[in-house]
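A.B. asks: sequence and computational prediction follow.
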Amino acid sequence: MSATAPAGSEVPVEAPSPEARAPHPLRRFLIRRVAQGLVTLLVASVVVFLATSAIPGSPATAILGRNANPQAVAEINHHLGFDKPIVDRYLSWLGDALRGNLGNSSVDIAQGATSAPIWPIIRSPLADTTTLALVTVILLIPLSLVLGVWSGLKAGRWQDHVISTVTLVLISMPEFVIGSLLIAILFVASHLLPPVSLISPGVFPLLHPNILVMPVLTLLAVSVAWTVRLVRVGTIEVLRTDYVQMARLHGIRERKVLRRYVLRNALAPSVQIFALSIQYLFGGVIITETVFNYPGIGSQLVNAATSHDNTEVQAITLILATIYILINIVADLLVMVLVPKLRSSS
Amino acid sequence: MRGLRFLGTGRGRVGFAILAFVVAVALFGPFFAPHDPADILGAPGSGPSSSFPLGTDYLGHDVLSRVLWGGRSVLWLSLAATALSFVLGMAVGGVAGYSRSFVDPILMRLVDVVLSFPPLLLFILVVTSVGTSSLILILSIAVILSPGIARIVYSATREVSVRGYTEAAVTRGEGASAILLREIFPNILGPLIANLGLTVTFSVLLVASVTFLGLGVQPPNANWALMISENRDILSINVWSTLAPAAMIALLTVGVNTVGDAVSHALGLPQRRAITTVGGIEELITPAELV
């Protein structure tokens, strides 16, 4: 129940039944999944809003200090609309967000600016983070498939032991420790790469590949370790199935058995694994960007949180939660399309 | 104790030795610290010398003393959060799994909502509005970790609640809380133990990560994760100020995870593996013999 579908079952992907091929269940699933996603998003927006507005006047007091002049606090709260009832505030916030208006940075307003729209502040960090995440995923998929399948085929031998020990160590380490170790090796000891990702705002990070190397390596280290282990287990499970046994007994050449039966059936559950690792990147990116001062949305969020900029934290978490939920929906759909045997179950 | 059989495997022994070393440093280290961890003793960022074997940090504290002091808060915060998350998760999962009323869907949808958020985002939201303290750290990490436990307890409880001994207790007229505590929980310990190592690892990773981000334990406390973040700027001057705490955290998490792995392996328990560290907690179950 609690788990996503088990990695291997008895039916090979080879021959989907005619009912499963019909578009009906898939479309029904699509509609239900999107509706479910919208509800989750709505609940998420309530959580985001409540969590950052639970304490009345908090941004103003946080910015002006505990002994702030009450009149100034009231003025800022009025300017930010914090003196209205909470339901009104939520509805107008949500309405504005839906129309693409994410509001003003509360810290900037409190510091005297008359308008400080959030969207321009976070647009370029969002793009830089997307670049970082995409580069990581593009490298992650082939790397973990090759290593995972290989380690599964060599199960129990020394190659497998080496891979599983290394991945266990990598899984256990926090990103900021891996990142700091990389800096110690690649910058302090050998001066190969810069320790911080300094680029001027608006410059496309791919044009400066040397600043991307260490952040990408850090994210890869943790996520590859997970995916390799899961792909490996999937491969071993498929190798044990009756249909692989059957194919071998039929005298089909081992290479063909691997290509046609083992790989196909081991790769299908990997789609889920990669969806999960993209979800992982949401947390990993926040830490990794902070380690390397990478100018992305993660470090922007941490800065906003430490300066108690409620409206900016609200906006960034809402955007990230939306992307997170969208990725979940797309991943579920991809799994449904690519792994026909899961269609009937949900 | 079948659980101690993990010491029979090479990996189990190595993991146990690593863990024992880190816990010993964290617990007894302060007694051997040559200096007060909060005293400013030398020039900031000076390298190793006879009086400061690991050099000094960004303010001129003795790095060795801070390493010896810095494990206690990492350990107790993550253990407290783990314990609380088990209490929360068992309460929610047990009640939802045992009750056959409207309580079940409400509690489990609540669990889904928490799981639909990247955990770190949840934490950042809380800290932005109410600030940070040890209590907030423990509470919010427990809330982040408990849904995973609630789901496991939920499905295990539903399985156990239709067994003969539970139904016998119902027939005897025992109350729901007595049945949960005496019949159900003792019989679902297996999956809970299998999940303990992983939950402690997550807890350590979360405590360390949020502290590194500056949202957890605050200076001038000595804390391994905090040391890594505060000494980042002097990394190239005195590399030990970062390397030593980084090594301790790495040893701690590797040790916990290895021991947890080896224990569930020795007990023949299926592994409930979560895919992420601080991203999303999503489980995949792996049979014990494949791990």
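C.D. replies: Okay, I see it. Numbering: from 1, shown residues only, chains lettered A, B, ... in the order given.
A.B. asks: neighbours of the residue nearest to A:Gly148 when sequence neighbours are not counted, how many?
C.D. replies: Leaving aside its sequence neighbours, A:Gly148 sits nearest to A:Val231 (Cβ to Cβ, 6 or more residues apart in numbering or on different chains; 2.6 Å). Yep, even glycine has a C-beta here, placed from its N, CA and C like the rest. A:Val231: 26 surrounding residues under other Cβ atoms under 10 Å in any protein chain shown.
A.B. asks: would you mind measuring from A:Val231 to A:Ala155?
C.D. replies: Going from A:Val231 to A:Ala155 by Cβ to Cβ, to the nearest Å gives 12 Å.
A.B. asks: which parts of the stretch 151-300 of chain A sit against chain B?
C.D. replies: A:165, A:168-169, A:171-177, A:180-181, A:183-184, A:187-188, A:195, A:222, A:226, A:229-230, A:233, A:236-237, A:273, A:276-277, A:279-284, A:286-287, A:290-291 (Cβ under 8 Å from any Cβ of the partner chain).
A.B. asks: where in the chain is pLDDT low?
C.D. replies: In the absence of a named chain, chain A is used. Residue ranges of chain A with pLDDT under 70: A:1-25, A:54-68, A:76-77, A:79-83, A:112, A:198-203, A:268-269, A:338-346.
A.B. asks: switch to chain B, that's the one I care about
C.D. replies: Short version for chain B, where the test is pLDDT under 70: B:1-6, B:269-291.
A.B. asks: surely B:Val207 touches B:Ile141?
C.D. replies: Yes - contact criterion Cβ atoms under 8 Å: B:Val207 and B:Ile141 qualify, at 6.4 Å.
A.B. asks: which neighbours do those two have in common?
C.D. replies: Common contact partners of B:Val207 and B:Ile141 (Cβ atoms under 8 Å, 6 or more residues apart in numbering or on different chains): B:Leu77, B:Ser78, B:Ala81.
A.B. asks: and the last one, how many neighbours?
C.D. replies: Other residues lying near B:Ala81 total 27 when counted by other Cβ under 10 Å.
A.B. asks: ok, back up a step: chain center to the helix or strand the residue nearest to A:Gly148 falls within: distance?
C.D. replies: Following DSSP states H and E, one finds A:Val231 within helix A:209-239. Chain-centre distance of helix A:209-239: 14 Å, with Cα atoms, centre = their mean, to the nearest Å.
A.B. asks: can you check stretch B:128-142 too?
C.D. replies: Centre to centre, stretch against its chain (Cα atoms, centre = their mean), the figure for stretch B:128-142 is 15 Å.
A.B. asks: what are the buried residues along the helix or strand A:Ala305 falls within?
C.D. replies: Using DSSP H and E, A:Ala305 sits within helix A:297-306. For helix A:297-306, a neighbour-count test (16 or more other Cβ atoms under 10 Å in any protein chain shown) marks A:Ile297, A:Gly298, A:Ser299, A:Gln300, A:Leu301, A:Val302, A:Asn303, A:Ala304, A:Ala305 as buried.
A.B. asks: over to stretch B:133-140?
C.D. replies: So, applying 16+ other Cβ under 10 Å, buried residues of stretch B:133-140: B:Ile136, B:Leu137, B:Ile138, B:Leu139, B:Ser140.
A.B. asks: can you tell me what sits against that stretch?
C.D. replies: Counting by Cβ under 8 Å, 6+ apart, B:73, B:77, B:80-81, B:84, B:122-123, B:126-127, B:130, B:207, B:210, B:216-217 sit against stretch B:133-140.
A.B. asks: tell me which of those residues is nearest to A:Asn210?
C.D. replies: Nearest to A:Asn210 out of the contacts of stretch B:133-140 is B:Val210 (Cβ to Cβ; 29.5 Å).
A.B. asks: which residues touch that closest one?
C.D. replies: B:Leu120, B:Phe123, B:Val127, B:Leu137, B:Ile141, B:Gly216.
A.B. asks: which two of these have the greatest separation?
C.D. replies: B:Leu120 and B:Leu137 (13.1 Å).
A.B. asks: related to what we said a few turns ago, which helices and strands does the helix holding A:Val231 pack with?
C.D. replies: If you count contacts as 3 or more Cβ pairs under 8 Å, 6 or more residues apart in numbering or on different chains; DSSP states H and E, helix A:209-239 packs onto helix A:118-153, helix A:158-172, helix A:175-183, helix A:264-292, strand B:283-286.
A.B. asks: switch the ones you listed over to TSV; also include distance to B:Ser155.
C.D. replies: Listed next are the helices and strands packed on helix A:209-239 as TSV, based on distance: least, Cβ to Cβ, whole Å:
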stretch	distance to B:Ser155
helix A:118-153	27
helix A:158-172	24
helix A:175-183	31
helix A:264-292	19
strand B:283-286	11
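A.B. asks: for the closest residue to A:Gly296 other than its chain neighbours, what are its contacts?
C.D. replies: Closest residue in space to A:Gly296, ignoring its immediate chain neighbours: A:Thr129 at 3.6 Å, by Cβ to Cβ, 6+ apart. Each residue near A:Thr129 by Cβ under 8 Å, 6+ apart is listed here: A:Val285, A:Glu289, A:Gly296, A:Ile297, A:Gly298.
A.B. asks: does B:Thr132 count as helix, strand or coil?
C.D. replies: coil (DSSP: H, G, I helix; E, B strand; the rest coil).
A.B. asks: relative to helix A:118-153, how tilted is the strand or helix carrying A:Ile319?
C.D. replies: If you go by DSSP H and E, A:Ile319 is part of helix A:310-338. Helix A:310-338 and helix A:118-153 meet at an angle of 40 degrees, taking axes from the mean of the first three to the mean of the last three Cα atoms, to 10 degrees as the criterion.
A.B. asks: buried sites along helix A:310-338?
C.D. replies: Buried-residue list, helix A:310-338, by 16+ other Cβ under 10 Å: A:310-321, A:323-325, A:327-329, A:331-332, A:335-336.
A.B. asks: which members of these additionally contact chain B?
C.D. replies: Answer for the buried residues of helix A:310-338 near chain B (Cβ under 8 Å from any Cβ): A:Asn310, A:Val313, A:Thr317, A:Leu320, A:Ala321, A:Tyr324, A:Ile325, A:Asn328.
A.B. asks: contacts only, for the second one.
C.D. replies: Residues touching A:Val313, when contacts are defined by Cβ under 8 Å, 6+ apart, comprise A:Thr52, A:Leu301, A:Ala304, A:Ala305, B:Ile124, B:Leu125, B:Thr128.
A.B. asks: tell me the secondary structure at A:Arg89.
C.D. replies: From three-state DSSP, the assignment for A:Arg89 is helix.
A.B. asks: apologies, that question was intended for B:Asn221.
C.D. replies: coil.
A.B. asks: my guess is it contacts B:Ser73. True?
C.D. replies: Yes - counting by Cβ under 8 Å, B:Asn221 touches B:Ser73, with 6.4 Å between them.
A.B. asks: neighbour count: those two, which is higher?
C.D. replies: The neighbour comparison of B:Asn221 against B:Ser73 (other Cβ under 10 Å) goes to B:Ser73, with 22 against 18.
A.B. asks: distance of that one from B:Pro219?
C.D. replies: From B:Ser73 to B:Pro219 the distance is 12 Å (Cβ to Cβ).
A.B. asks: and A:Val233, by the same measure?
C.D. replies: Distance from A:Val233 to B:Pro219, by Cβ to Cβ: 43 Å.
A.B. asks: more neighbours, those two?
C.D. replies: Higher neighbour count among A:Val233 and B:Pro219: A:Val233, with 27 against 14, using other Cβ under 10 Å.
A.B. asks: give me the number of residues near B:Tyr58?
C.D. replies: When neighbours are counted by other Cβ under 10 Å, B:Tyr58 comes out with 18.
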